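Undergrad: prediction below, plus the sequence it came from.
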Amino acid sequence: MGNKICMRKTIFIDENKNIVGRVELYRFRTDLMLKYTDIQVNATVEQALFESGLRLVILLNGRSEIHFDSGYFELDARAKPKAAFLPLNRSEMGKKVFQKGQYQKELVVFLYPKWIMESYLNLSSYHQFKQHLKPYSITVTQSMLRLIDEIFLQHNESEPFYMIEKESKLLSLLSNAFSQLTQSLPLKKDRVQQLTEALDNGKFDNWNLKQIVKYFHTNVTTLQNEFQKYHKITIFAYLRRAKLEQSYNALLNGRSVMQAAELAGYSNAENFSTAFKKNFGITPSQVKRDKIKGIA
């Protein structure tokens, strides 16, 4: 179907199912989605698989509470709107919890791996997104609130540029949110952050674990434990994922599937394709086809 899908879906929720209100879903491109929720809740718990990617959660009113298998996320906007980026570095089961009598008005922007990679958004340069399920709070500015109002203004859906205008406003909203990250002061670099940066820039590509721990004047157990506490995955699992991201960029820049596989450290194209699809939800060949369609 390519990467130029634009669609809108409104769901009016049945009060017999303990939720009254509506949910609007927008898909602007294959992996850029927006969900707007305006509901009154009696009592419910929703369990679902939360796919890997980055979310921008803007809570305009009420509370947002999610219990994950390995973490917890909460925003409280009963006094004023709140917002946070929530990185999911892998898919994970979670339960969204609603309290009895709760009112919730929420906007969630879903940035999935394919959209992130094809937008050349280098998330590895943001220390805020290194840790799985570690939210990073931002301020809901007046300009952001104006953009949200403009996104959800009622327009004639038959107008030719209806969805394009909405996507333009959404991208402006994202730009506003990301600008707060680039203005923030970097954290003091500890050992895990130094290791993460070295893995991202390829410094340790040909090193084994004993060489890495010697470089940091520590031992294997200590370094692995520190790294896993922060990232929730092992050092070399992180490195494999970083190499797959580099291979995605290589495909976008015209490299062949086999060349991308070699860049990611795979000598077998089939094994590379399996790992690639598991990480991005799309095969390397599909990335090549989508790129060709985009050029055409």
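TA: Yes, it's here.
Undergrad: tell me the SS of Gly265?
TA: coil (DSSP: H, G, I helix; E, B strand; the rest coil).
Undergrad: contacting residues around it?
TA: Counting by Cβ atoms under 8 Å, 6 or more residues apart in numbering, Gly265 makes contact with Arg240, Lys243. Where C-beta positions appear, they are placed from N, C-alpha and C, glycine not excepted.
Undergrad: show me where the stretch 101-250 of the chain has helices.
TA: Taking DSSP state H, counting those that start in this stretch, the helices of the stretch 101-250 of the chain run over residues 113-118, 142-151, 162-183, 191-200, 209-215, 220-231, 235-252.
Undergrad: mind checking which of the ones you listed is nearest Phe68?
TA: helix 220-231 (15.1 Å; Cβ to Cβ).
Undergrad: show me what that closest one is packed against.
TA: Judged by 3 or more Cβ pairs under 8 Å, 6 or more residues apart in numbering; DSSP states H and E, helix 220-231 is in contact with helix 191-200, helix 209-215, helix 235-252.
Undergrad: let me have the ones you listed in CSV, extended by mean neighbour count, distance to Arg289 and mean pLDDT.
TA: Converted to CSV, the helices and strands packed on helix 220-231 look like this (neighbours: other Cβ atoms under 10 Å; distance: least, Cβ to Cβ, whole Å; pLDDT from 0 to 100):
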stretch, mean neighbour count, distance to Arg289, mean pLDDT
helix 191-200, 18, 28, 86
helix 209-215, 14, 38, 90
helix 235-252, 20, 10, 87
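Undergrad: just put the ones you listed in JSON lines and tack on distance to Lys229.
TA: Shown next, in JSON lines, are the helices and strands packed on helix 220-231 (distance: least, Cβ to Cβ, whole Å):
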{"stretch": "helix 191-200", "distance to Lys229": "8"}
{"stretch": "helix 209-215", "distance to Lys229": "16"}
{"stretch": "helix 235-252", "distance to Lys229": "12"}
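Undergrad: Thr139: which of these is closest?
TA: The closest of the helices and strands packed on helix 220-231 to Thr139 is helix 191-200. By Cβ to Cβ, the value is 24.4 Å.
Undergrad: helices and strands around that closest one, which ones?
TA: helix 220-231, helix 235-252.
Undergrad: picking that back up, just put the helices of the stretch 101-250 of the chain in JSON lines and tack on distance to Lys288.
TA: Shown next, in JSON lines, are the helices of the stretch 101-250 of the chain (distance: least, Cβ to Cβ, whole Å):
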{"stretch": "helix 113-118", "distance to Lys288": "12"}
{"stretch": "helix 142-151", "distance to Lys288": "33"}
{"stretch": "helix 162-183", "distance to Lys288": "25"}
{"stretch": "helix 191-200", "distance to Lys288": "25"}
{"stretch": "helix 209-215", "distance to Lys288": "34"}
{"stretch": "helix 220-231", "distance to Lys288": "30"}
{"stretch": "helix 235-252", "distance to Lys288": "6"}
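Undergrad: can you check which of those helices gets nearest to Lys130?
TA: The closest of the helices of the stretch 101-250 of the chain to Lys130 is helix 191-200. By Cβ to Cβ, the value is 5.8 Å.
Undergrad: so which of the helices of the stretch 101-250 of the chain gets nearest Leu56?
TA: The nearest among these, by Cβ to Cβ, is helix 162-183 at 5.6 Å.
Undergrad: which of the helices and strands packed on helix 220-231 sits closest to Asp31?
TA: Closest to Asp31 of the helices and strands packed on helix 220-231, according to Cβ to Cβ: helix 235-252, at 12.2 Å.
Undergrad: mind checking pLDDT for the nearest residue to Tyr248 once chain neighbours are set aside?
TA: Nearest residue to Tyr248 in three dimensions, chain neighbours excluded: Met117, at 4.6 Å (Cβ to Cβ, 6 or more residues apart in numbering). As predicted, Met117 sits at a pLDDT of 77.
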